[in-house]
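1. Structural data only, the sequence is not supplied:
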């Protein structure tokens, strides 16, 4: 393995994807596919890493959605409150 710069190494160490383990809590990723700040592919990579570790995980793609909780530009925003509650009920209730 070739050593990177100090900044590269710090970024890798700081990234959540570097710390995925099989005992992580279930994770619901919600990401706009038009996000220009954080690429949608980063959530796809995180989902794959979580699934490889056996962590219950789902990626909800917000079509046309930009960066942030409002998903500016989304073509049709789903009922996120209901989705969040259902996810938590399914994966976190009775833990």
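-> That came through fine. It should be emphasised that the depicted structure is a prediction, and the values quoted were computed from it without experimental measurement.

2. Just the element for the spatially most central residue of the chain, please.
-> Centroid-nearest residue in the chain: residue 29, 3.5 Å away (criterion: CA atoms, centre = their mean). In the assignment (DSSP states H and E), residue 29 maps to strand 27-32.

3. ok now that strand, how far from the chain's centre?
-> 4 Å (CA atoms, centre = their mean, to the nearest Å).

4. Distance of the residue nearest to the centre of the chain relative to residue 8?
-> From residue 29 over to residue 8 the distance is 24 Å, taken as CB to CB, to the nearest Å. All C-beta spots, glycine's among them, are computed from the backbone N, C-alpha and C.

5. burial of residue 49, as a residue count?
-> 17 (other CB atoms under 10 Å).

6. what pLDDT, on average, does stretch 18-37 get?
-> In this model, stretch 18-37 has an average pLDDT of 96.

7. still on that earlier bit, I figured the residue nearest to the centre of the chain hits residue 45, correct?
-> No: in this structure, residue 29 is not within contact of residue 45 by CB atoms under 8 Å, at 10.4 Å.

8. Now residue 80: closest residue in space, sequence neighbours ignored.
-> Of all residues not flanking residue 80 in the chain, residue 30 sits nearest, at 7.0 Å (CB to CB, 6 or more residues apart in numbering).
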